[in-house]
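Enquirer: the following block contains a protein sequence and its predicted model.
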Amino acid sequence: MNSVTSGLADSPLKVAMTRVRWRIFSFMFGFGLLAYMQQKSLTVAAQQMMPELGLTQMQVGWLQQAFVIGYCALQLPAGILGQRHGTHRAMIWMGILSFLAVITTPLAPVVFSGQTLFVALLGTQLLLGLAQAAVFPVSAGVFEAWFPPNRWAFVEGLQTAGLGLGAAITPPLIASLMLVFGWQAALFWTSVPALALIAGWMWYGRDRPSQHLKVTTLELAEIGEGVHAVVAAPISWTRLRALLLDQNVVLITFSYICMNYAFYLLSNWCFLYLVQERHFSVITSGLLASIPPLASAIGAGLGGAMTGQLCARFGTCWGFRLIPLIALPIAGLLLIVAVSISSPLAAVAALALCFGFVELTEGSYWGAAITFGRADSMTACGVMNTGGNLGGIIGIPIVAYLSGHGAWHTAFLIGTVCALVAAVAWLGIDARRVVGAEAT
C-alpha cells in the first residue's frame, strides 16, 4: 500500500494524550483559530466603525484588501524563510507581530482622525496580513515533519476546521461585546489570549520530533522521521524555479485563486449581507453569521478525513481530486440558491451548506501540495496560498463595489463561475508527480 495514501489508523482523540505530535498539532490549531478571529473581527466591527469613524463600505473593503495584499505578498517568502530558519522561530515571530497589529487597530482612533486615521488603519491591516502570511505555509512544514504522510490531509483538514470555528465564534462574540463596550474594547480584549498561545509555543514547540525530549522512540517510528522528506532545509534557486514552473503547482494555484473568491465572499461578507440585504438586526446577524463558518469547520474536518480514505482506496491522484470535483460545483449551485431564495432563514441555510462544501476541499488542496511538494512543502504551499489570496485581492473590491450598489446577486453569480473553474482545474493535478524530481 502506498505510504502516502494509506488510510487513517488510530483515532486522534485516543492518541492525543500520549503523543507529542497531537500536542504540537493543538498549537497549530490554536494559531489558525486565533488568526481567523483576528482577521474576521474587523468585518463585524465595521458595522459600528463606519458611522463612528466616517468610513464608507468601500473603505472597509479597502481595509480588508490591505490585509489580503500583505497576506498574499509574504506567502512565498514566508515559506522560504520557514524552511531556512525553522518552523518554531517562524511561528513565534508571526504570533508577536499579529498581536501588535491587532491591538494597534482599536488604539489608532485615539491618536489619529480623518484621512490620517484611515491610512493608519490600512497600515495595521497590512501589518496583520504580513504577519499572518506564515501561518499556513509554516503549519504545512510542521505537519510534514510531525506526522506520517497518510495523516497530512487529515491534519490540514482539522486545522482548517479550527479556522471555521474561529470565524464562527467571531461574529456573535464581537457583535455582543461591541454593543456593550464598543468596537475598540471588543477588538482589544479578544486579542489578549494570543499571548498565552505564543508563550506556550515558545516553551513546547520544536522544529522536528527528534529535537523534542518528550518524543519516544515508538513515536519517532510511528511518524517515520527520516523516511519522508526533510523539511526546514534552505531551498535552492534551481529547486525554486522547478517548483514555480511545475504543472501541479501552476494548476493548484490557479484553482485555489478561483475557489478563494467564493471563500472570501462567504467568510468576509456574510454579516453585512444579512444586515443589508436580508434585514436582520445586528445581534441576530451576528448569531446567524456564525452558522456558515461553523458549517465550514465541519466540512473541513470531514474533508480531511475523507481525503485520506479516498487516497487509500483510489490512489493519490484521484484520492485528492474527487472531493474538489464534486464539492465545488455543488457549492457554486448553492451560492445561486442562497441569493435567489425568498426566505431569509433558508438563505442562511444555503450559505452554510455552501461554505461546508467549499471547505470540504481544503484537505485536498493542502494535502496534495505537501505530497507533491515534499522537501519544499512550505514553499509549495506558500505559492498555492499566494494564489488563494489573489482570489481575495481580486474578489474583495468586486464584492465591495457590487454590494455597495445592492448587486449582491451578481457578486454571488461570479462566485458560482469561479467554483466551477476551480473544479475543472483539478483534472490536470496529479499528486503522484513530485515537484522538481529531476532538479538538483
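Expert: Sure, I can see it. As the structure is a computational prediction, the values presented were derived from the model and not from experiment.
Enquirer: just give me the neighbour total for the closest residue to Gly319 other than its chain neighbours.
Expert: Among residues not flanking Gly319 along the chain, Cys311 sits closest, at 3.0 Å (Cβ to Cβ, 6 or more residues apart in numbering). In short, each C-beta sits where N, CA and C put it, glycine included. Per other Cβ atoms under 10 Å, the neighbour tally for Cys311 reads 30.
Enquirer: after the host helix or strand of Cys311 comes which helix or strand?
Expert: Assessed by DSSP states H and E, Cys311 sits inside helix 291-314. Next along the chain after helix 291-314, taking DSSP H and E as the criterion, comes helix 316-340.
Enquirer: for this structure, which residues score under the pLDDT cut-off?
Expert: Confidence mapping of the chain against pLDDT under 70 gives the ranges 1-18, 225-234, 279, 282-283, 285-286, 436-440.
Enquirer: as a check, name the ranges of all helices in the stretch 301-440 of the chain.
Expert: 316-340, 344-359, 362-373, 377-404, 408-425 (DSSP state H, counting those that start in this stretch).
Enquirer: residues contacting Gly182?
Expert: Residues in contact with Gly182 (Cβ atoms under 8 Å, 6 or more residues apart in numbering) are Gln48.
Enquirer: so how far is Val434 from it?
Expert: Going from Gly182 to Val434 by Cβ to Cβ, to the nearest Å gives 53 Å.
Enquirer: again, but for Val20
Expert: 28 Å.
Enquirer: test my guess that Cys270 contacts Pro292.
Expert: Yes. Assessed by Cβ atoms under 8 Å, Cys270 is found in contact with Pro292 at 5.5 Å.
Enquirer: more neighbours: these two, which one.
Expert: Pro292 (30 against 27).
Enquirer: in space, what's closest to the more buried one - neighbours in sequence excluded?
Expert: Phe355 (4.2 Å).
Enquirer: could you do Arg432 as well?
Expert: Thr316 (4.9 Å).
Enquirer: these two touch, right, the one you found and Arg433?
Expert: No. Using Cβ under 8 Å, Thr316 is not in contact with Arg433; the gap is 9.6 Å.
Enquirer: out of the two, which sits in the busier spot?
Expert: Per other Cβ under 10 Å, whichever of Thr316 and Arg433 has more neighbours is Thr316, with 22 against 14.
Enquirer: what's near enough to touch the residue nearest to Pro292?
Expert: Contacts of Phe355 by Cβ under 8 Å, 6+ apart are 164, 266-267, 292-293, 295-296, 299, 331.
Enquirer: what do you get for Leu333?
Expert: Thr416.
Enquirer: measure it to Ala350 for me?
Expert: For Leu333, the distance to Ala350 - Cβ to Cβ - is 9 Å.
Enquirer: which strands and helices lie in contact with the helix or strand harbouring Ala175?
Expert: Using DSSP H and E, Ala175 sits in helix 152-181. Applying 3 or more Cβ pairs under 8 Å, 6 or more residues apart in numbering; DSSP states H and E, we find helix 152-181 packed against helix 20-53, helix 135-146, helix 183-189, helix 247-276, helix 282-288, helix 291-314, helix 344-359, helix 362-373.
Enquirer: so which of those helices is nearest Leu74?
Expert: Distance to Leu74, taken as Cβ to Cβ, is lowest for helix 135-146 among these, at 9.3 Å.
Enquirer: got the angle between that closest one and helix 377-404?
Expert: Helix 135-146 and helix 377-404 are oriented at 150 degrees to each other (axes from the mean of the first three to the mean of the last three Cα atoms, to 10 degrees).
Enquirer: which other helices and strands does helix 135-146 contact?
Expert: Taking 3+ Cβ pairs under 8 Å, 6+ apart as the contact cut, helix 135-146 packs with helix 20-53, helix 75-85, helix 87-111, helix 152-181, helix 362-373, helix 377-404.
Enquirer: ok now it, how far from the chain's centre?
Expert: 13 Å (Cα atoms, centre = their mean, to the nearest Å).
Enquirer: that older thread, mind checking how far the residue nearest to Gly319 is from Trp22?
Expert: Cys311 is 21 Å from Trp22, by Cβ to Cβ.
Enquirer: what is the neighbour count of the nearest residue to Pro193 once chain neighbours are set aside?
Expert: Excluding its sequence neighbours, the residue lying closest to Pro193 (Cβ to Cβ, 6+ apart) is Leu34, at 6.8 Å. By other Cβ under 10 Å, the residues close to Leu34 number 25.
Enquirer: ok, Leu34 touching Gly166?
Expert: Yes. Contact criterion Cβ under 8 Å: Leu34 and Gly166 qualify, at 6.6 Å.
Enquirer: correct me if wrong: Lys40 contacts Ala167.
Expert: Yes. The pair Lys40 / Ala167 is scored as a contact, 5.2 Å apart, by Cβ under 8 Å.
Enquirer: next, give phi and psi for Ala289.
Expert: Taking degrees, to the nearest 10, you get phi -70, psi -10 for the backbone angles of Ala289.
Enquirer: list the contacts for it?
Expert: Contacts of Ala289 (Cβ under 8 Å, 6+ apart): 44, 171-172, 270-271, 274.
Enquirer: show me just the buried residues among the residues you listed.
Expert: Listed as buried from those are 44, 171-172, 270-271, 274; burial here means 16 or more other Cβ atoms under 10 Å.
Enquirer: distance to Met28 for the residues you listed - can I get that in CSV?
Expert: Formatted as CSV, these follow (distance: Cβ to Cβ, whole Å):
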residue, distance to Met28
Val44, 25
Pro171, 24
Pro172, 25
Cys270, 25
Phe271, 27
Leu274, 31
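Enquirer: and of the residues you listed, the nearest to Met384?
Expert: Cys270 (24.6 Å).
Enquirer: how close does that closest one get to Ala168?
Expert: Cys270 is 11 Å from Ala168, by Cβ to Cβ.
Enquirer: thinking again about what came up before, need the residues touching each of Cys270 and Pro292.
Expert: Listed as contacting both Cys270 and Pro292 by Cβ under 8 Å, 6+ apart are Leu351.
Enquirer: count the neighbours of Asn385 for me.
Expert: Each residue near Asn385 was counted by other Cβ under 10 Å, and the total is 27.
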